[in-house]
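>>> Just need the structure, nothing else, for what follows:
(one chain, ligands or ions: 3)
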Amino acid sequence: MKNIDKKRRNILKYAVLFAAVPFVDVVTNRTNLLAATVSKFSTTLVQNGEVITAAHWGTLKLTIKDGKIVKSEPIQKTSDIYNPLQYYTQDLVYAKDRIKYPMVRKSYLENPNNSKPELRGNDEWVRVPYEKAIKLIANEIKKTRKEKGAEGVFAGSYGWKSSGNMHNSRVLLHRFMNVTGGFTGTLGDYSTGAAQVIMPHVLGTIEVYEQQTSWPLVLENSEVVIIWGANLIRTLKLSWTSSDEQGFKYLEKLKNSNKKIICIDPEKNETCTYLNAKWQPIVPGTDVAFMMGMAYHLIKTENYDKKFLEEYTEGFDKFKDYLFGKEDKVIKNTKWASKICGIDEKTIKELALLMYKNRTMIMAGWGIQRAQYGEQTHWMIVTLASMLGQIGLPGGGFGFSYHYSNGGAPTTKGGVIGGITSTVGSTKNTGGASWLEKSAKFSFPVARIADALLNPGKKINHNGSVVTYPDIDFIYWVGGNPMVHHQDTNTLVKALRKPKTIVVNEIFWTPTARMADIVMPVTTSYERDDITMSGDYSNSSIVPMKQAVEKQNEARDDYDIFCDLAKEFGAYEEYSQNKTALQWIEEFYNSAYNQTKNLGLEIPKFKDFWEANKPVNFEVPFENTEFIRYADFREDPILEPLGTPSGKIEIYSKAIEKMNYKDCRAYPSWFEPDEWLGMKKKNAEFALITSHPDKRLHSQLNNTTLRDKYAVANREPIFINRRDAISKNIKDGDIVRVYNQRGEILAGAVLTDDLRTGVVRIDEGAWYDPLERGKIGTLCLNGCVNVLTKDMPTSQLANGNSSNTALVNIEKYTKPAKDISIFKQP
Ligand SMILES: Nc1nc2c(c(=O)[nH]1)N[C@H]1C(S)=C(S)[C@@H](COP(=O)(O)OP(=O)(O)OC[C@H]3O[C@@H](n4cnc5c(=O)[nH]c(N)nc54)[C@H](O)[C@@H]3O)O[C@H]1N2
Ligand SMILES: Nc1nc2c(c(=O)[nH]1)N[C@H]1C(S)=C(S)[C@@H](COP(=O)(O)OP(=O)(O)OC[C@H]3O[C@@H](n4cnc5c(=O)[nH]c(N)nc54)[C@H](O)[C@@H]3O)O[C@H]1N2
Ligand SMILES: [Mo]
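Numbers count the residues shown, from 1 in each chain. Ligands and ions are numbered 1, 2, ... in the order given. Sure thing, here's the model as predicted:
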């Protein structure tokens, strides 16, 4: 075993500072710097040649011919893993469904005070001059604030926007709202809604966006790797900033490592196949029961680390009482667990012992917590890992971000660029988890949006406090697609009839843009200058994102739109600080320049960097390859306590006990979901999992020719176990109607042996394409899965979304199916 020295403790701090962590101020002295150094030059568009740029899916090289993008490809490959998303930039820029001009819904234009909101999604569109649209928006914001206060303006505006620290649409929106009078925002996110709220109680950090024990140490030390509800080869195709593809490199090494790898997942997913791992086909939503069976067996056979539990955790005995059924008289033994999770007792026992007797790394994904009672899964993983006693050892414990944004790729030594901020004068780096920044005075949990719109004044419990929903009259959405990302689309359609005004800045006529009253056309990131880091945890490089082509049609940058709106409030100077986008970009770069210099390293001056059209790369110092999460805590729990009330890992939380919630107790518990395969009276036959798509980023790229590579019968695919399909007389390529009490969609059948029986998968992100536009309950022709999911909080603790808790029916669709029309101009 390696000796954990002082140096490593410093690395921990270093890594956390530069990882994609919210609430961390990156030290800059950019304000002083600015006046002296900002140069006055602009980007000259390349007519024939190459432009380097970045997207969430990697650093790209665009080939330009006669002023048009003709080719898009990655510039760096770290493995043989193919990332199809990197080749379709031209499809995005020249898409048929680009929004060309500012557009206003006809009834809204006629009378904004009585705009017939029931016609949203089904009205005519009228082109208006840009200046008129700006005036309309500004007037409505002023009116709403006067009538309802700042809380009446909702600008939570969740979404993945595009890469770039300047044109960060959501932050730009918040900045605009903050300088003009305030708004209602949101708490948390859709990704880790449950885990990020429970983990601070358990570990003292949100854990899900933290640097992981380094991949090199995993490869060197782990004997067993458990991939728990994660699909690394798929979800590592993207990063929040821009992917440096380091995760692929390590995944390839893991494949060739001969380690024992086990995937616990209702689907034998691509990662399981790629790694040639052992598949454990669990019943969806039952991981907690599975782990409890393991925990019980470890205790019964005396194979658990009592010393670790004593020294580093709090309240294990109470959890043990629960396992042994002291209160509820239910003993959570392997027999009990097996009946729920569908994995046989022998396997549960063997797996528990395998994990205890070998150095084991549990790499968990997040789909498992995107479910009712989702708080329990990650809590139970931490509990199980505590029993194994390997937390803080090289290659042992758990990691909640190996599948995301290249977590575990060692952090480089170098500066981090700044970014536009949601409040003026703030020095927060917005390249990190900026969406978790608290920039609004008032917020409610993000996935409660439909509930909030429908029930103004309603009070809900949230993590120990009470939140009262505001009365929202005005919505501004940029860089997100709630009509696709939010659960239970039909309820959302109803909810979106409630506000008086909905404004959306979009590139394309997305289902969300179509539900708006005013639509502002915006540029893609290839039509404006920007800058980004590549590698969220690694901070591998600074990538220039020079404008590659002319702005299309009347598209404008979000920044310009908000500058013009700010003028209507006399707030332009405060908003923009009188800077052009390129001047901001120079400043963000200079902040990294100075940090780098302070570290004793050198990078080019901004002008040289910008003109060179190539990334600036940083090196990984050896000590960062030796980073072990929780090593300091393990070494000295007294001097390096966790941020929990006890300073230890809380298997029992007094803070949660005080909240007295029925749906989240003070210790990890098994709760039976409202909809799952094992329930007594099922309202539908199949469990639905809604994974993240392999060939999209959520809904992004659905409108490109990449869709031809996966669409079946010109619909989103539904994956069905072969035997289940045969029993329903469904064949490969058939159109299937998928339905439940919440709605119905069409999808194209793909028969597979890689799904547990009784489970179907439809990936999230297919654009909602209603047969009857604007109508509640209508059939979706393209297969948007959220028509079928349930809009239900995980629990009162986190109020996360429960996307993976749903049952559906399937049948062969025999009527003539109308073709999709969502990827055209409306
Ligand atoms: N059933 C189910 N639902 C889910 C999930 C699930 O697992 N299952 N996952 C959830 C998760 S984790 C997430 S993160 C969400 C994702 O939900 P979203 O983040 O809303 O999804 P995207 O498709 O990335 O939407 C981004 C939108 O921003 C637009 N855009 C891009 N760049 C710009 C820009 O510069 N300016 C403006 N104004 N617009 C821009 C794009 O065109 C696109 O429409 O979905 C959630 N929904
Ligand atoms: N290509 C691509 N990559 C992405 C994204 C994308 O849209 N496309 N989105 C990015 C974003 S915003 C996020 S938040 C992350 C999401 O990352 P995750 O949340 O980890 O991804 P998911 O696809 O929701 O789920 C991963 C795995 O969980 C399994 N699973 C589902 N239900 C259960 C269950 O009950 N038990 C068990 N054991 N397993 C289950 C699924 O079969 C799937 O293999 O991915 C990021 N990466
Ligand atoms: Mo996400």
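
>>> ranges for the helices of the stretch 151-300 of the chain?
Assigned by DSSP state H, counting those that start in this stretch, the helices in the stretch 151-300 of the chain fall at 169-180, 195-202, 215-221, 232-235, 246-255, 270-274, 287-300.

>>> Using JSON lines, please lay out those helices together with distance to residue 440.
(Each C-beta comes from the backbone N, C-alpha and C, glycine too.) Below are those laid out as JSON lines (distance: least, CB to CB, whole Å):
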{"stretch": "helix 169-180", "distance to residue 440": "7"}
{"stretch": "helix 195-202", "distance to residue 440": "18"}
{"stretch": "helix 215-221", "distance to residue 440": "37"}
{"stretch": "helix 232-235", "distance to residue 440": "29"}
{"stretch": "helix 246-255", "distance to residue 440": "33"}
{"stretch": "helix 270-274", "distance to residue 440": "37"}
{"stretch": "helix 287-300", "distance to residue 440": "34"}
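
>>> Could you save those helices as TSV and add columns showing mean neighbour count and distance to residue 601?
Output for these, formatted as TSV (neighbours: other CB atoms under 10 Å; distance: least, CB to CB, whole Å):
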stretch	mean neighbour count	distance to residue 601
helix 169-180	25	28
helix 195-202	25	33
helix 215-221	20	22
helix 232-235	24	31
helix 246-255	21	20
helix 270-274	19	36
helix 287-300	25	44
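
>>> Could you point out which of those helices sits nearest ligand 2?
Closest to ligand 2 of the helices of the stretch 151-300 of the chain is helix 232-235 (CB to the nearest ligand atom; 3.5 Å).

>>> Give me the residues contacting that closest one.
With contacts defined as CB atoms under 8 Å, 6 or more residues apart in numbering, helix 232-235 is touched by 81, 247-248, 251, 269-271, 274, 363, 365, 402-404, 691-692, 694.

>>> of these, list those near ligand 2.
Applying CB under 6 Å from any ligand atom to the contacts of helix 232-235, one finds that 269, 365, 403-404, 691-692, 694 fall near ligand 2.

>>> what bits of the stretch 401-550 of the chain have low per-residue confidence?
426-439 (pLDDT under 70).

>>> quick one, helices of it?
Using DSSP H, counting those that start in this stretch, helices in the stretch 401-550 of the chain cover 449-454, 482-485, 489-495, 511-514.

>>> Show me what counts as buried in the second one.
When you say that, I think you mean helix 482-485. Buried residues in helix 482-485, defined by neighbour count with 16 or more other CB atoms under 10 Å: 482-485.

>>> Ligand 1: which of those is nearest?
Nearest to ligand 1, judged by CB to the nearest ligand atom, of the buried residues of helix 482-485 is residue 485 at 3.2 Å.

>>> isn't that closest one right up against residue 785?
No: Residue 485 is beyond contact range of residue 785, at 10.5 Å (criterion: CB atoms under 8 Å).

>>> Quick check: neighbours shared by these two?
Shared contacts of residue 485 and residue 785, defined by CB under 8 Å, 6+ apart, comprise residue 764.

>>> so residue 791 is in which element?
Assignment of secondary structure by DSSP states H and E places residue 791 within no helix or strand.

>>> And it, how far from residue 781?
Residue 791 is 22 Å from residue 781, where distance means CB to CB, to the nearest Å.

>>> okay, these two: which has more neighbours?
Legend: neighbour count by other CB atoms under 10 Å for residue 791 and residue 781, higher for residue 781 (25 against 22).

>>> for residue 355, phi and psi?
Main-chain torsions, residue 355, degrees, to the nearest 10: phi -70, psi -40.

>>> Skipping its backbone neighbours, what lies nearest it in space?
Using CB to CB, 6 or more residues apart in numbering and skipping residues adjacent in sequence, the residue nearest residue 355 is residue 388, 5.7 Å away.

>>> Quick check: pLDDT value at residue 557.
Looking at residue 557, its pLDDT reads 98.

>>> wait, it sits on residue 522?
Yes: the pair residue 557 / residue 522 is scored as a contact, 6.7 Å apart, by CB under 8 Å.

>>> So these two - more neighbours on which side?
Taking other CB under 10 Å, residue 557 and residue 522 do not tie; residue 522 has more neighbours (29 against 23).

>>> still on that earlier bit, out of the helices of the stretch 401-550 of the chain, which gets nearest to residue 96?
Among these, helix 511-514 comes nearest to residue 96, with 14.2 Å by CB to CB.

>>> Can you give the distance from the closest one to the centre of its chain?
Using CA atoms, centre = their mean, to the nearest Å, the mean C-alpha position of helix 511-514 is found 20 Å from that of the whole chain.

>>> And for stretch 554-574?
28 Å.

>>> Check stretch 372-391 too.
Relative to the chain's own centre, stretch 372-391 is displaced by 21 Å; criterion: CA atoms, centre = their mean.

>>> tell me the mean pLDDT for that stretch?
98.

>>> So the closest residue to residue 299 other than its chain neighbours: helix, strand or coil?
Nearest non-adjacent residue to residue 299, counting by CB to CB, 6+ apart: residue 320, 6.6 Å away. Put simply, residue 320 is helix when judged by DSSP: H, G, I helix; E, B strand; the rest coil.

>>> Report the buried residues of stretch 343-354.
Buried residues in stretch 343-354, defined by neighbour count with 16+ other CB under 10 Å: 343, 345, 347-349, 351-352.

>>> Is it in proximity to ligand 2?
No: contact of stretch 343-354 with ligand 2 is not found when judged by CB under 6 Å from any ligand atom; the minimum separation is 10.3 Å.

>>> Name the surrounding residues that touch that stretch.
For stretch 343-354, contacts defined as CB under 8 Å, 6+ apart pick out 224, 260, 262, 280-282, 290, 293-295, 297-298, 301, 303, 334-335, 337-338, 341, 360.

>>> how far away is residue 302 from residue 360?
In terms of CB to CB, residue 302 sits 18 Å off from residue 360.

>>> again with residue 791
For residue 791, the distance to residue 360 - CB to CB - is 37 Å.

>>> And for residue 637?
Note on residue 637: its distance to residue 360, by CB to CB, is 21 Å.

>>> More neighbours: which of these two?
residue 360 (24 against 18).

>>> Leaving out chain neighbours, which residue sits closest to that one?
For residue 360, ignoring the flanking residues on the chain, the nearest one in space by CB to CB, 6+ apart is residue 224 at 4.3 Å.

>>> Just list the residues touching the one you found, thanks.
Counting by CB under 8 Å, 6+ apart, residue 224 has contacts 259-262, 354-355, 358-361.

>>> how about 10 Å then?
Residues near residue 224 by CB atoms under 10 Å, 6 or more residues apart in numbering: 259-262, 351, 354-362, 395-396.

>>> Closest one to residue 444 out of the residues you listed, please.
Closest to residue 444 out of the contacts of residue 224 is residue 362 (32.7 Å), distances taken as CB to CB.

>>> Enumerate every residue touching the spatially most central residue of the chain.
Nearest to the mean C-alpha position of the chain, counting by CA atoms, centre = their mean, stands residue 191 at 3.9 Å. If a contact means CB under 10 Å, 6+ apart, then residue 191 has 160, 208-209, 240, 366, 369-370, 404, 433, 435, 692, 800-801 as its contacts.

>>> 6 Å instead, please
By CB atoms under 6 Å, 6 or more residues apart in numbering, the contact set of residue 191 is residue 366.

>>> Now the stretch 201-350 of the chain against ligand 2: closest residue?
residue 229 (2.9 Å).

>>> Next one: that residue relative to ligand 1, how far apart?
11 Å (CB to the nearest ligand atom, to the nearest Å).

>>> just to revisit the earlier point, next one: the residue nearest to the centre of the chain from ligand 2, what distance?
Using CB to the nearest ligand atom, residue 191 is found at 3 Å from ligand 2.
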